[in-house]
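Enquirer: Sequence first, predicted coordinates after that:
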Amino acid sequence: MMHIHTQAEGTLDYTTLFYIPKTAPFDLFQVDHQAGVKLYVKRVFITEDDKELMPSYLRFVRGVIDSEDLPLNVSREILQQNRILAKIKSNSVKKILSELTALTKKKDKYLEFYEQYGRLLKEGAYQDFENRDTLLELLKFKSSKTDDFTSLAEYVDRMKEDQKSIYYITGENEASLRNSPLLEMYNGKDMEVLIMDDPFDEIIIPSLQKYKEKPFKSVHHSDAADDLKTEDSKSDKKDLKPLVKKIKKVLGGQVKDVLVSSRLNESPSCIVADQNDPTAKMQEMFKGMGQSTMPDVKPILEINPEHKIVKKMKSLGKTKTFEDLCWLLYEQAMLIEGIKLPNPATFVTRLNNFLIKSI
């Protein structure tokens with residue numbers, strides 16, 4: 001895809017020649033992936049399997065480093081603490097990132113690169129604090145306002161004057177995310193939300209915290225809508241207090257809380273995570289990675305005070321129909337978020353009962 005050549009003379013005397021393959025290697029995310037950069041000293045081969053040559057997020061880079069300043073009998077132990085090699089590595093990383101920054105001006109060419117290696121740049125933003133600002137400029141995301149990739153700088157330029165945060169939504173399916181109930185309020189206010197359908201984003205983005213003093217805020221969390229609440233939504237809470245109490249009693253320990261939503265326009269319900277809790281999807285990911293000790297944090301159910309189902313529930317007593325509706329509001333919100341139901345058969349039975357009544 002591209003090559004990068006450097007010949008340094010002066011305080012340090014070294015030559016580097018790096019290549020970026022057009023297609024990512026199939027084993028790029030496997031534990032036993034072999035590094036692609038080889039170290040030479042005065043054109044004598046020293047090693048090719050050393051983490052000191054290149055950070056792990058640039059493991060797609062192939063090429064050679066040839067130093068004139070290192071001793072020929074240098075050992076692996078000495079390499080790990082060698083200041084000369086550390087400086088060569090630092091300079092090489094900055095050079096590669098500089099060339100990638102220049103490549104962003106050729107939009108089609110850069111997207112070709114990003115589709116192959118974009119996930120590794122996110123990994124770098126997570127790991128490499130020294131070069132984080134540069135890496136953030138290289139990241140691209142899909143957006144609720146465009147089908148094309150957009151940069152964080154472009155997003156910030158398009159932000160509303162009163163918008164305080166960079167909003168984003170995470171998941172595994174772009175189409176589902178674009179139609180998520182969690183976006184209804186933002187779409188209604190013409191606010192852009194970044195669509196992050198890479199599973200890595202769920203872990204990496206929260207660690208970045210902010211971009212140009214604008215904090216990242218996940219729409220999956222309960223506090224995401226705080227800046228956009230109105231006086232009307234506060235009055236709705238008082239009117240629906242008895243209903244909220246009844247729903248919470250039916251669902252019991254399945255939810256952390258039941259709240260009147262200010263983010264829903266069309267959907268009857270949605271689930272969100274408490275401000276400092278991991279999302280339901282993140283919990284599922286960690287469990288899939290073998291993190292069995294992770295606590296089981298319950299979601300918050302939000303209900304739409306203007307939806308016909310919720311309005312109908314206000315007039316229902318503590319009947320079987322009311323209980324089934326409570327569970328259906330919760331279970332459909334879980335399904336929309338891509339969360340597996342613990343008992344799908346029970347959900348289907350409830351749904352069939354309502355279909356029978358409507359026929």
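Expert: That came through, no problem.
Enquirer: Can you name every helix or strand that the helix or strand hosting T6 contacts?
Expert: Using DSSP states H and E, T6 sits within strand 2-8. In terms of contacts (3 or more C-beta pairs under 8 Å, 6 or more residues apart in numbering; DSSP states H and E), strand 2-8 is packed against strand 14-20, helix 83-103. The way it works is simple: take the backbone N, C-alpha and C, and place the C-beta from them, glycine included.
Enquirer: 10 Å - rerun?
Expert: Using 3 or more C-beta pairs under 10 Å, 6 or more residues apart in numbering; DSSP states H and E as the contact criterion, the elements in contact with strand 2-8 are strand 14-20, strand 62-67, helix 83-103.
Enquirer: show me the contacts for the closest residue to G188 other than its chain neighbours.
Expert: Across the structure, with C-beta to C-beta, 6 or more residues apart in numbering as the measure, the residue nearest G188 apart from its sequence neighbours is N265 (5.4 Å). With contacts defined as C-beta atoms under 10 Å, 6 or more residues apart in numbering, N265 is in contact with 181, 183-185, 187-188, 304, 306-307.
Enquirer: quick one on the thing from earlier: which of the helices and strands packed on strand 2-8 sits closest to A280?
Expert: Nearest to A280, of all these, is helix 83-103, at 35.0 Å by C-beta to C-beta.
Enquirer: Buried ones in the helix or strand following the closest one, by neighbour count?
Expert: For helix 83-103, the succeeding helix or strand toward the C-terminus, using DSSP H and E, is helix 107-127. In terms of neighbour count (16 or more other C-beta atoms under 10 Å), helix 107-127 has its buried residues at 110, 113-114, 116-127.
Enquirer: for stretch 310-329, same thing?
Expert: 310, 313, 322-329.
Enquirer: got those as CSV, with secondary structure and pLDDT columns?
Expert: Below are the buried residues of stretch 310-329 laid out as CSV (DSSP: H, G, I helix; E, B strand; the rest coil; pLDDT from 0 to 100):
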residue, secondary structure, pLDDT
V310, helix, 92
M313, helix, 91
F322, helix, 92
E323, helix, 92
D324, helix, 91
L325, helix, 93
C326, helix, 94
W327, helix, 94
L328, helix, 94
L329, helix, 94
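Enquirer: what mean pLDDT does stretch 175-185 have?
Expert: Stretch 175-185 comes out with an average pLDDT of 91.
Enquirer: what distance separates it from the middle of the whole chain?
Expert: Once both centres are worked out by C-alpha atoms, centre = their mean, to the nearest Å, stretch 175-185 turns out to sit 15 Å from its chain's centre.
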